[in-house]
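Trainee: Sequence and predicted model, in that order:
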Amino acid sequence: MTGAHRPAEAGRTAGTETTGTDETTGTETTGTDEMTGTGRATGAGGLPEIDVAGAARTRHPLRWVASIVLLVLAAQLVSLLVTNPNFQWDVVGRYVNAQLIGQGIATTLLLTVIAMAVGVVLGVLLAVGRLSENPVARGACGLYVWFFRGTPVLVQLVLWYNLSYLLPEISFGVPFGPEFVTADTNALITPLLAAILGLGLNEGAYMAEIIRGGLMSVDPGQSEAAAALGMSDARTFRRIVLPQAMRFIIPPTGSQVISMLKATSLVSVIALADLLYTVQSIYNRTFQTIPLLIVACVWYLVITSILYVGQSFIERHYARGATRNAPQGFWAFAALRRRRSTEVTS
Amino acid sequence: MSSVPMVHARAVRKHFGHLEVLKGIDLDVGAGEVVVVLGPSGSGKSTFLRCVNHLETIDGGAIHVDGELIGFQASGGKVRHLRKKEITRQRGEIGMVFQQFNLFPHMTVLQNVIEAPVGVRGEPREQVRERAHALLRRVGLADKAGSYPRRLSGGQQQRVAIARALAMRPKLMLFDEPTSALDPELVGEVLATMKGLAEDGLTMIVVTHEIGFAREVADRVVFMDEGVVVESGTPADVLDNPSSPRTKAFLSRVL
């Protein structure tokens, strides 16, 4: 405790000192300005005339302390990564480009895209259903969300995979009447289909809530104006309400996509060869557990990073017209900062 | 005034729960006539306006616009609700301007104006675009076609909203307190635009608190209170020589 406190205190003292020096110089400069300008004239009510334009910046000594602490920690981490032979970086390097891993990534991406697409489509339908005037639709959609959000996705996956225990055959036909097509459940529900059903139907429940929240955040005056112009409900939803709701839907959907990417690793329990299942099957043979898990993590991080960049582009698209000033991305912000600092130095 | 009035409202009733907002409104508006509806807040004047284009469903009576029953269908002595498709068609023929403008913020000014004629009526985009530019010139915003609504002042936004409603070539325009959300110095530009429309012979029902506008532009002033029409007549009659004590009390408060 004391040890941790001491540097902070030292930092603060140093900080105060710096501020002190700075303030002195600041006052001196202002003083000279005043001398050359209006002199030490006093304004109305005997108050001194002050121009805050040259004010000294506030110092943040704690930020420096935090930076130093973090730098030390980061240096320790890097040294651990480099010096500890158990990481087996040569093994990581060997497997990171392996073809088998590539196939696993392809399966993971395919599953993420399809399950997310199922989730979004279902989510839109469920959200519209929950907001509709029809009490039957409201109730049914509410029930769906309640069930699929309320049970673990892992359980849902295993359930779909083992559907044949419950229903050995699946038939299509008139309810309680004649059947036209009958199929063996085990042949119908492949691991891939079980994974899509398990992840997609679960995602639909979460997306429904996200989309519903977005739709409710749009001013009701918008639908009213659209109605007064003679737009149909469907057109109003598509052209007016949904595009405005997108601003509120995209950020949480971005984190859902990232969650989904990682949730696909659950399908290793139903023997679908995704990224995690692939590395597991390798290290079960070679016992190089840690380096292969690092390979998987590296690829998950690479994909989430790409998704993150994509999300910021989509967000900027839907932010049009939302603010008085043009939306400013990170790079524009960084460029502006650089320009401003060059201006100051020159 | 032509033989069939543009708006023909008889015994219009509307309630929200137990609250009776309209207690039998009778009102005729002739083609080309400008009617200003005055009244204290809660008098039902905005609700009545919203009934005319069926944004609210009336509970009794009937409203005809240009000879057509609004929101319902009467045949063989039976009355039933119109289908959604018919209701949207009827609304498309009646323009409405809202207190809060309600422009579509994710579309530019031009897109706001052309959205309904192109999307609802299926008119050719180029033709509508030309008409939209002409309308924007008319409301004095020719240079703002590419701007997003949030970059405009309230007065400019409301003038765009007027252009947007006019782009559907409505038979009738409804104005629901169009200047109530505006800063005082911006009210004039919107009222001037509306005055121009009135002079061009557009049929208008205007709910407002702008007594000056009523005096100058209205053919007829209607005073509503507690869900009934209390008084109706020329601006001179109603504003300078009110017969009802309720009208007198209201005018003494707003003038």
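Mentor: The structure has been received and is ready for your questions. Only a predicted model underlies this, so the values are computations on that prediction, with no experimental measurement involved.

Trainee: Spit out the contact partners of B:Phe175.
Mentor: B:96-97, B:194, B:204-208 (C-beta atoms under 8 Å, 6 or more residues apart in numbering or on different chains). No exception for glycine: its C-beta is placed from N, CA and C like everyone else's.

Trainee: just those that are near chain A?
Mentor: Filtering the contacts of B:Phe175 for neighbours of chain A using C-beta under 8 Å from any C-beta of the partner chain leaves B:Met96.

Trainee: Adding neighbour count, write the contacts of B:Phe175 out as TSV.
Mentor: Shown next, in TSV, are the contacts of B:Phe175 (neighbours: other C-beta atoms under 10 Å in any protein chain shown):
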residue	neighbour count
B:Met96	26
B:Val97	25
B:Met194	26
B:Met204	25
B:Ile205	25
B:Val206	27
B:Val207	25
B:Thr208	24
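
Trainee: So which of the contacts of B:Phe175 sit within strands?
Mentor: B:96-97, B:204-207 (DSSP state E).

Trainee: Looking at the residues you listed, which is nearest chain A?
Mentor: B:Met96 (4.0 Å; C-beta to the nearest C-beta).

Trainee: Name the residue of the stretch 51-200 of chain B that lies nearest to chain A.
Mentor: For the stretch 51-200 of chain B, C-beta to the nearest C-beta, closest residue to chain A: B:Gly92, 2.5 Å.

Trainee: The nearest residue to that residue once chain neighbours are set aside is in what secondary structure piece?
Mentor: Using C-beta to C-beta, 6 or more residues apart in numbering or on different chains and skipping residues adjacent in sequence, the residue nearest B:Gly92 is A:Gly230, 2.5 Å away. Using DSSP states H and E, A:Gly230 sits within no helix or strand.

Trainee: Let's see the pLDDT reported for A:Ala44.
Mentor: The model reports A:Ala44 with a pLDDT of 64.

Trainee: make that A:Thr30, sorry
Mentor: According to the prediction, A:Thr30 has pLDDT 42.

Trainee: same thing with the one 4 residues further on?
Mentor: pLDDT, A:Glu34: 44.

Trainee: mind checking the SS state of the closest residue to chain B within the stretch 51-200 of chain A?
Mentor: Residue of the stretch 51-200 of chain A nearest chain B, by C-beta to the nearest C-beta: A:Glu133 (11.8 Å). Here A:Glu133 is recorded as coil under DSSP: H, G, I helix; E, B strand; the rest coil.

Trainee: what do you get for the one 4 residues further on?
Mentor: The assignment at A:Ala137 comes out as helix when based on three-state DSSP.

Trainee: How much space separates it from A:Ala245?
Mentor: 19 Å (C-beta to C-beta, to the nearest Å).

Trainee: now swap in B:Val97 and tell me
Mentor: Relative to A:Ala245, and taking C-beta to C-beta, B:Val97 is found at 25 Å.

Trainee: Export the contacts of B:Phe175 as CSV, with columns for pLDDT and distance to A:Ser217.
Mentor: Shown next, in CSV, are these (pLDDT from 0 to 100; distance: C-beta to C-beta, whole Å):
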residue, pLDDT, distance to A:Ser217
B:Met96, 97, 24
B:Val97, 97, 25
B:Met194, 96, 32
B:Met204, 97, 34
B:Ile205, 97, 32
B:Val206, 97, 32
B:Val207, 97, 29
B:Thr208, 94, 31
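
Trainee: With distance to B:Pro178 added, can I get the contacts of B:Phe175 in a markdown table?
Mentor: Shown next, in a markdown table, are the contacts of B:Phe175 (distance: C-beta to C-beta, whole Å):
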| residue | distance to B:Pro178 |
| --- | --- |
| B:Met96 | 10 |
| B:Val97 | 5 |
| B:Met194 | 7 |
| B:Met204 | 11 |
| B:Ile205 | 12 |
| B:Val206 | 7 |
| B:Val207 | 8 |
| B:Thr208 | 7 |
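
Trainee: what number of residues lie near the residue of chain A found nearest chain B?
Mentor: In chain A, the residue that lies nearest chain B is A:Gly230 (2.5 Å; C-beta to the nearest C-beta). The local packing of A:Gly230 (other C-beta atoms under 10 Å in any protein chain shown) involves 24 other residues.

Trainee: Touching, it and B:Pro117? I think so.
Mentor: No - counting by C-beta atoms under 8 Å, A:Gly230 stays clear of B:Pro117, with 9.6 Å between them.

Trainee: Could you tell me which residues touch both of these two?
Mentor: B:Met168.

Trainee: Tell me where the chain is predicted with low confidence.
Mentor: No chain was given, so I picked chain A. Applying pLDDT under 70 to chain A flags residues A:1-44, A:323-346.

Trainee: Oops, wrong one, chain B.
Mentor: Looking at chain B by pLDDT under 70, you get B:1-3.

Trainee: ok, now with 80
Mentor: Confidence mapping of chain B against pLDDT under 80 gives the ranges B:1-3, B:255.

Trainee: Any residues of it in contact with chain A? List them.
Mentor: Of all the residues in chain B, those lying near chain A are B:53, B:55, B:84-85, B:88-96, B:98, B:100, B:102-108, B:115-116, B:119-121, B:148-151, B:161, B:164-165, B:168, going by C-beta under 8 Å from any C-beta.

Trainee: from those, which ones fall inside helices?
Mentor: Among the residues of chain B next to chain A, the members falling in helices (DSSP state H) are B:84-85, B:88-92, B:115-116, B:119, B:161, B:164-165.

Trainee: Tell me how far A:Ala226 lies from A:Leu166.
Mentor: 46 Å.

Trainee: Which one's more surrounded, these two?
Mentor: Taking other C-beta under 10 Å, A:Ala226 and A:Leu166 do not tie; A:Ala226 has more neighbours (26 against 8).

Trainee: Give me the nearest residue to the more buried one, chain neighbours excluded.
Mentor: Per C-beta to C-beta, 6+ apart, closest to A:Ala226 is A:Thr236, 4.0 Å.

Trainee: Do I have it right that the one you found meets A:Ser223?
Mentor: Yes - applying C-beta under 8 Å as the test, A:Thr236 and A:Ser223 come out as touching, 5.5 Å apart.

Trainee: Show me where chain B has its helices.
Mentor: Counting by DSSP H, the helices of chain B are B:45-52, B:84-92, B:109-119, B:125-138, B:154-166, B:184-199, B:211-217, B:235, B:245-254.
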